[in-house]
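K.L.:
Provide a 3D model corresponding to the input given below.
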Amino acid sequence: MRLAARPVGQVKPDDWEHFSGPVEDPGPGRFAGRTRVISLDPAMRGWLDDRPSYLPPVGIGEVMRAGSVIEVTASNHPDFRPGDHVVGTFGVQEYVVSDGKGALKVDTSLAPASTYLGALGMPGMTAYFGLLDVGALKDGETVVVSGAAGAVGTIAGQIAKAKGCRVVGIAGGPEKCALLTDELGFDAAIDYRADDVKKALRKHAPDGIDVYFDNVGGDILDAALTRLAMHARVVICGAISQYNNATPVNGPSNYLTLLVRRARMEGFVVFDYAKRYAQAAQEIAGWIGDGRIKVKEHVVRGTVDDFPETLQMLFRGDNVGKLVLELA
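P.N.:
Have a look, this model is predicted:
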């Protein structure tokens with residue numbers, strides 16, 4: 001799947017071009033494989049805009065950037081053999097030829113391929129380092145997570161619970177809120193579609209918010225800023241409510257609370273922690289193993305042609321947990 005045009009606002013079907021061509025044989029030091037699972041992430045929307053960011057934009061005519069798990073079918077690479085499953089940034093394509101740079105073999109007998117794109121992949125790493133490093137989380141604190149039913153939010157909230165914190169999730173709809181409290185162990189959930197978020201935060205975080213993990217930006221970020229505790233930390237992970245804006249992003253109007261509460265607000269990019277991924281994955285796998293983290297995945301089964309519509313599920317809020325496209 002190639003990018004055909006720069007989207008303005010919401011991504012449209014004609015912003016994409018499906019390309020078919022012959023599958024090349026892998027040369028020396030390369031391997032070929034067939035894609036099994038493709039990751040879909042809110043950050044993809046930012047990669048489509050031609051503006052400075054932590055990664056260069058996807059070029060017009062280029063294969064759409066995406067993490068995926070492939071199964072090796074042929075190899076002239078010493079580290080990869082046919083039958084191996086490999087995770088990497090291979091893009092939205094059915095067949096892949098790679099030199100192995102940035103690729104990692106994974107064991108699908110220990111966890112499904114999709115989990116290496118979710119709890120044991122970028123979303124899990126993002127939740128882990130965002131909370132523990134950027135958020136400097138301490139046992140017993142009050143943590144609020146927006147976008148709490150998404151890939152990062154479900155893991156972030158459960159890590160905070162594993163660390164002995166009170167956790168409040170913000171999500172859209174009664175079903176998602178029930179999932180957070182009844183299945184994932186959050187102490188409370190706020191339905192931003194039906195509840196007065198400011199009023200609900202006063203109820204569920206009466207002593208203030210120590211760590212606010214923000215995935216959505218916009219009005220919800222503004223509401224959370226009014227409830228900060230002294231020396232609070234606001235972790236800026238994403239702003240999905242703003243990604244499809246055709247006009248400039250709306251900044252927070254309540255930022256002076258940071259001054260009054262001697263708080264800080266910090267953004268981060270998970271790639272900065274790459275050298276410590278193995279440490280994080282090991283600890284997260286331990287929490288999964290002892291039941292303190294439950295993995296939530298939303299698997300859409302289809303073909304590469306289903307990528308554009310599946311991507312829109314993120315921005316409609318249709319998914320619960322990690323969204324992946326599993327290729328037939």
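
K.L.:
where does the chain dip in pLDDT?
P.N.:
Regions of the chain meeting the criterion pLDDT under 70 are absent.

K.L.:
so residue 89 touches residue 67, yeah?
P.N.:
Yes. The pair residue 89 / residue 67 is scored as a contact, 5.5 Å apart, by CB atoms under 8 Å. Bear in mind the C-beta positions are built from the backbone N, C-alpha and C, glycine included.

K.L.:
More neighbours: which of these two?
P.N.:
residue 67 (21 against 15; other CB atoms under 10 Å).

K.L.:
ok now stretch 125-141, how far from the chain's centre?
P.N.:
When distances are taken as CA atoms, centre = their mean, to the nearest Å, stretch 125-141 is centred 16 Å away from the chain's centroid.

K.L.:
Straight-line length of that stretch, end to end?
P.N.:
Stretch 125-141 has its terminal residues 21 Å apart, counting by CA to CA, to the nearest Å.

K.L.:
Then stretch 59-69?
P.N.:
Start-to-end, stretch 59-69 (CA to CA) is 23 Å.

K.L.:
buried residues in that stretch?
P.N.:
63-69 (16 or more other CB atoms under 10 Å).

K.L.:
now, which of those sits nearest residue 55?
P.N.:
Comparing those against residue 55 with CB to CB places residue 65 closest, at 7.6 Å.

K.L.:
gap between that closest one and residue 47?
P.N.:
To residue 47, residue 65 is 6 Å away according to CB to CB, to the nearest Å.

K.L.:
which residues do these two both contact?
P.N.:
55, 58 (CB atoms under 8 Å, 6 or more residues apart in numbering).

K.L.:
Spatially nearest residue to residue 9 (excluding sequence neighbours)?
P.N.:
residue 246 (4.0 Å; CB to CB, 6 or more residues apart in numbering).

K.L.:
any idea which element the one you found lies in?
P.N.:
Counting by DSSP states H and E, no helix or strand carries residue 246.

K.L.:
Same check on the one 5 residues further on?
P.N.:
Element membership for residue 251 (DSSP H and E) is empty, with no helix or strand holding it.

K.L.:
residues contacting it?
P.N.:
Per CB under 8 Å, 6+ apart, neighbours of residue 251: none.

K.L.:
what's the spacing between it and residue 198?
P.N.:
Residue 251 is 18 Å from residue 198, by CB to CB.

K.L.:
And residue 248, by the same measure?
P.N.:
For residue 248, the distance to residue 198 - CB to CB - is 24 Å.

K.L.:
more crowded one of the two?
P.N.:
Remark: of residue 248 and residue 198, residue 198 carries more neighbours, 15 against 7, as counted by other CB under 10 Å.

K.L.:
Pretty sure that one sits in a helix.
P.N.:
Yes. With DSSP: H, G, I helix; E, B strand; the rest coil as the criterion, residue 198 is part of a helix.

K.L.:
Count the neighbours of the residue nearest to it when sequence neighbours are not counted for me.
P.N.:
Closest residue to residue 198 apart from its sequence neighbours, by CB to CB, 6+ apart: residue 223 at 4.7 Å. The burial count assigned to residue 223 is 23, neighbours taken as other CB under 10 Å.

K.L.:
Residue 38 should be in a strand, yeah?
P.N.:
Yes. Looking at residue 38 with three-state DSSP, it is inside a strand.

K.L.:
hey, what's it bridged with?
P.N.:
The bridge-partner assignment for residue 38, based on DSSP bridges, gives residue 68, residue 325.

K.L.:
Surely it touches residue 322?
P.N.:
No. Judged on CB under 8 Å, residue 38 makes no contact with residue 322 at a distance of 11.7 Å.

K.L.:
More neighbours: those two, which one.
P.N.:
Between residue 38 and residue 322, residue 38 has the larger neighbour count (other CB under 10 Å), namely 30 against 27.
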